[in-house]
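Visitor: Pasted the sequence and its predicted model underneath.
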Amino acid sequence: MRNIPPMKIVSAAEMREIDRTTSERFGVSSLTLMENAGAAVARFAVADYPQAERIGIVCGKGNNGGDGFAAARKLIESGRAVRVLLLCDPKELRGDAAAMFQNLLRALQSLSQPAKHAPVTVLDASQLESPEASEAFAADLIVDAILGTGFRPPVSPLYAATIAKMNAASVPIIAVDIPSGADADAKQPDTAPNASSSSSEGAGDDGLRVARNQARADAVVTFTAPRPAHVFAGLTTGPTAIAPIGSPPDALVSNLGLNLSTPLDFMSLLAPRSRDANKGSYGHVLVIGGSLGKAGAAAMAGFAALRAGAGLSTVATPKAVLATVASFHPELMTAPLAETEKGAIALAAIGSGLDALLPGKTLAIGPGISRNSETSEFVREIVQRSSNDSPLVVDADALNAFEGATDKLSGRDRTLIITPHPGEMSRLTGLSIAKIQANRLEVARTFARAHDVIVVLKGHRTLIAAPSGDVWVNPTGNPGMATGGTGDILTGIIAGLIAQHPRRALEATALAVYLHGLAGDFACEIIGENSLVATDLLRFLPDAFAQTRNQKSSEIRIHA
């Protein structure tokens, strides 16, 4: 059983309802939520920018500004020199934002020269050039607390001018909740054709494209749960911290059917092993794959299953490449299969001992298996024959074997996982790669529901779609993993974890994707994007397990 509910991705409207429910049903005041939000921003600023002694905080008149006031007070208490820029007459502030502003004024009275640090009120764009206002933009760090996730366009002229001024600044910016002007419900990066390289729009030196009247962000601190834009819209090239501020899990209700994979979701799958366990306790993975010239793919998948914790791993592969597979790692067992003249698996392999190998194992078919027409027929037959007690992971050219024959790819009454990249998904669905990439959520969901399978649609923010329509979004991984063989490693990790947790295939699959990406992140940090190769993931997979298992903080960070 899961210890806590998964972290839901919620819409902006749902987040407002969560805040309301937290206060009205669970008795946590909205002022407390705002206080905790400001504290989270201040903690992040101090921890991630310890050298930032002068901090400018730019506040709008809504609750986002209230979060900024609370953060300012906490940063003053930590000894930072804070200059608050208020983009309205203080008399326009209402509710919690007004209360937080008064708290800030009281905190300033404790300083030796309170008037020197008093908030600067800006009512017109021309006032942004005043010496006092300019202090905020010339600080070591800027906190953007102008507009939150409840924003609806258009951006007012004053706010637009302020956003342009922030974007032109040469210092880092932390966005409170979301970069001002961004659409919290966006599921794609902004690709507006009117983007240019001006200060208020376009691409910065770090490659982050910033839409018209949207603030840039070097980091984002949001609260309680992410909105779609935090996950999908590329709002920042830095981290996005998701900080709990007091809403209990029962308050988090969403109809999006989206979950963000986090270490806390997987703790029960990573529990310590029983002291009297043996290799039979953790399942047996059978990898069916390999062909002349592609033996390494099957070998990597087989060994990845062992690295993921499976008790046993056997690679069934054509006789011509069996010695190559066997030499990859001594822990791997091998089984020879009948082969075609070109060194691929022959259809005759089904009747030559493979049937006896299938029962009771977690199967992974596809790594390095080739697109030989006879082999494709073999694949379709094996997938049809697999029983409900043998979970099956289908990858690579085993997926291509179902091009034009997806009616034979059904997970009804059994556990079937497919792991396509966009090209393979294109062949399965008949959709162009461009259309798949523009509609990843809908494509993965639709296929999972129609075929009763778990779909792992690989790519940036890999999606794990269940037959129910629920989708897990994976936050780990990096462009260095765009190299041959990393998908074979993922297939092995998925199979290895399902072998250990056959009744929890969806969670095991989501965990496998998370660990795979995290191992890639560790590898990238040490080796670099350009030099990373697939087997580096096997080297760093133990580190990924350790970090995931040892997660203590309830604050979650995701990276661009």
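Guide: Noted; the coordinates are in hand.
Visitor: what about the helices in the stretch 251-400 of the chain?
Guide: 295-307, 319-326, 354-357, 373-385, 397-400 (DSSP state H, counting those that start in this stretch).
Visitor: would JSON lines of those with mean pLDDT be doable?
Guide: Below are the helices of the stretch 251-400 of the chain laid out as JSON lines (pLDDT from 0 to 100):
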{"stretch": "helix 295-307", "mean pLDDT": "98"}
{"stretch": "helix 319-326", "mean pLDDT": "95"}
{"stretch": "helix 354-357", "mean pLDDT": "86"}
{"stretch": "helix 373-385", "mean pLDDT": "94"}
{"stretch": "helix 397-400", "mean pLDDT": "96"}
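Visitor: For residue 501, find the nearest of these.
Guide: Across the helices of the stretch 251-400 of the chain, residue 501 has its closest neighbour in helix 295-307 (13.2 Å, C-beta to C-beta). Heads up, the C-betas are built off the backbone N, CA and C, glycines and all.
Visitor: and the closest one, what does it pack onto?
Guide: In terms of contacts (3 or more C-beta pairs under 8 Å, 6 or more residues apart in numbering; DSSP states H and E), helix 295-307 is packed against strand 284-288, strand 312-318, helix 319-326, helix 486-500, helix 534-549.
Visitor: wait, which of the ones you listed is closest to residue 166?
Guide: Here helix 534-549 is closest among the helices and strands packed on helix 295-307 (C-beta to C-beta), at 33.9 Å.
Visitor: Pull out the buried residues from the closest one.
Guide: Buried residues in helix 534-549, counting neighbours by 16 or more other C-beta atoms under 10 Å, are found at 534, 535, 536, 537, 538, 540, 541, 543, 544, 545, 548.
Visitor: any idea of the mean pLDDT in that helix?
Guide: Taken as a whole, helix 534-549 has a mean pLDDT of 97.
Visitor: Please apply the same query to stretch 439-454.
Guide: For stretch 439-454, mean pLDDT rounds to 97.
Visitor: if we can go back for a sec, okay, the helices and strands packed on helix 295-307 in JSON lines with distance to residue 11 next?
Guide: Output for the helices and strands packed on helix 295-307, formatted as JSON lines (distance: least, C-beta to C-beta, whole Å):
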{"stretch": "strand 284-288", "distance to residue 11": "39"}
{"stretch": "strand 312-318", "distance to residue 11": "43"}
{"stretch": "helix 319-326", "distance to residue 11": "48"}
{"stretch": "helix 486-500", "distance to residue 11": "30"}
{"stretch": "helix 534-549", "distance to residue 11": "28"}
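Visitor: which one of those lies closest to residue 8?
Guide: For residue 8, the closest of the helices and strands packed on helix 295-307 is helix 534-549, at 19.6 Å, according to C-beta to C-beta.
Visitor: between the closest one and helix 486-500, what angle do the directions make?
Guide: Going by axes from the mean of the first three to the mean of the last three C-alpha atoms, to 10 degrees, helix 534-549 is angled at 40 degrees with respect to helix 486-500.
Visitor: May I have helix 534-549 as PDB, with CA atoms only?
Guide: Listed next in PDB are the C-alpha coordinates belonging to helix 534-549 (Å, rounded to 0.1, in the frame of the first residue of the first chain):
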ATOM      1  CA  ALA A 534      24.200   4.000 -22.000                       C
ATOM      2  CA  THR A 535      26.300   1.900 -19.700                       C
ATOM      3  CA  ASP A 536      27.000   4.900 -17.500                       C
ATOM      4  CA  LEU A 537      23.400   4.600 -16.300                       C
ATOM      5  CA  LEU A 538      24.300   1.200 -14.900                       C
ATOM      6  CA  ARG A 539      27.200   2.700 -13.100                       C
ATOM      7  CA  PHE A 540      25.100   5.400 -11.400                       C
ATOM      8  CA  LEU A 541      21.900   3.400 -10.900                       C
ATOM      9  CA  PRO A 542      22.900   2.500  -7.300                       C
ATOM     10  CA  ASP A 543      23.300   6.200  -6.500                       C
ATOM     11  CA  ALA A 544      19.800   6.800  -7.900                       C
ATOM     12  CA  PHE A 545      18.400   4.100  -5.700                       C
ATOM     13  CA  ALA A 546      20.200   5.600  -2.600                       C
ATOM     14  CA  GLN A 547      19.000   9.100  -3.200                       C
ATOM     15  CA  THR A 548      15.400   8.100  -3.900                       C
ATOM     16  CA  ARG A 549      15.300   5.800  -0.800                       C
END
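Visitor: Following the chain onward from it, which element is next?
Guide: Next helix or strand after helix 534-549 toward the C-terminus (DSSP states H and E): strand 556-559.
Visitor: what residues does stretch 392-401 touch?
Guide: Contact with stretch 392-401 is made by 289, 297, 301, 362-371, 375-377, 379-380, 383, 386, 409, 414-420, 424, 427-428, 487-488, 490-491, 494-495, 498, as judged by C-beta atoms under 8 Å, 6 or more residues apart in numbering.
Visitor: Out of those residues, which end up buried?
Guide: 289, 297, 301, 362-370, 375-376, 379-380, 383, 386, 409, 415-420, 424, 427-428, 487-488, 490-491, 494-495, 498.
Visitor: from what I can see residue 492 touches residue 286, true?
Guide: No - applying C-beta atoms under 8 Å, one finds residue 492 not in contact with residue 286, separated by 11.4 Å.
Visitor: Who has more neighbours out of the two?
Guide: Counting neighbours by other C-beta atoms under 10 Å for residue 492 and for residue 286 shows that residue 492 has the greater number, 35 against 27.
Visitor: List the contacts of the more buried one.
Guide: Residue 492 neighbours (C-beta under 8 Å, 6+ apart): 285, 287, 300-305, 307-308, 313, 364, 367.
Visitor: which one is it nearest to, not counting chain neighbours?
Guide: Closest residue in space to residue 492, ignoring its immediate chain neighbours: residue 304 at 2.8 Å, by C-beta to C-beta, 6 or more residues apart in numbering.
Visitor: how many neighbours does the one you found have?
Guide: The number of residues near residue 304, taken as other C-beta under 10 Å, comes to 33.
Visitor: Was I right to think it contacts residue 534?
Guide: No - here residue 304 lies out of contact with residue 534, judged by C-beta under 8 Å, at a distance of 9.2 Å.
Visitor: tell me, what's touching these two both at once?
Guide: With C-beta under 8 Å, 6+ apart, residue 304 and residue 534 have common neighbours 488, 489.
Visitor: Next, show the common contact partners of residue 492 and residue 286.
Guide: In contact with both residue 492 and residue 286: 313, 364, using C-beta under 8 Å, 6+ apart.
Visitor: Longest helix of the protein, counting residues only.
Guide: The single longest helix within the chain, with elements called by DSSP state H, is helix 505-527.
Visitor: Contacts only, for residue 229.
Guide: 178, 182, 183, 184, 185, 186, 187, 235 are the contacts of residue 229 under C-beta under 8 Å, 6+ apart.
Visitor: Confirm that the fourth one lies within a helix, as I assumed.
Guide: No - when the secondary structure is assigned by DSSP: H, G, I helix; E, B strand; the rest coil, residue 184 falls in coil instead of a helix.
Visitor: For residue 537, see how far away it is.
Guide: 33 Å (C-beta to C-beta, to the nearest Å).
Visitor: Could you do the second one as well?
Guide: When C-beta to C-beta is applied, the distance between residue 182 and residue 537 equals 33 Å.
Visitor: and what of the fifth one?
Guide: Residue 185 is 34 Å from residue 537, where distance means C-beta to C-beta.
Visitor: count of residues packed around residue 437?
Guide: If you count neighbours by other C-beta under 10 Å, residue 437 ends up with 17.
Visitor: Likewise for the one 4 residues further on?
Guide: Using other C-beta under 10 Å as the criterion, residue 441 is surrounded by 19 other residues.
Visitor: same deal with residue 341?
Guide: The burial count for residue 341: 8, using other C-beta under 10 Å.
Visitor: who touches it in this structure?
Guide: So residue 341 contacts nothing (C-beta under 8 Å, 6+ apart).
Visitor: Phi first, then psi, for it.
Guide: Here is the backbone geometry of residue 341 (degrees, to the nearest 10): phi -60, psi -20.
Visitor: buried set for the one helix or strand residue 41 maps to?
Guide: Using DSSP H and E, residue 41 falls within helix 30-48. Within helix 30-48, the residues that qualify as buried by neighbour count (16+ other C-beta under 10 Å) are 30-31, 33-46, 48.
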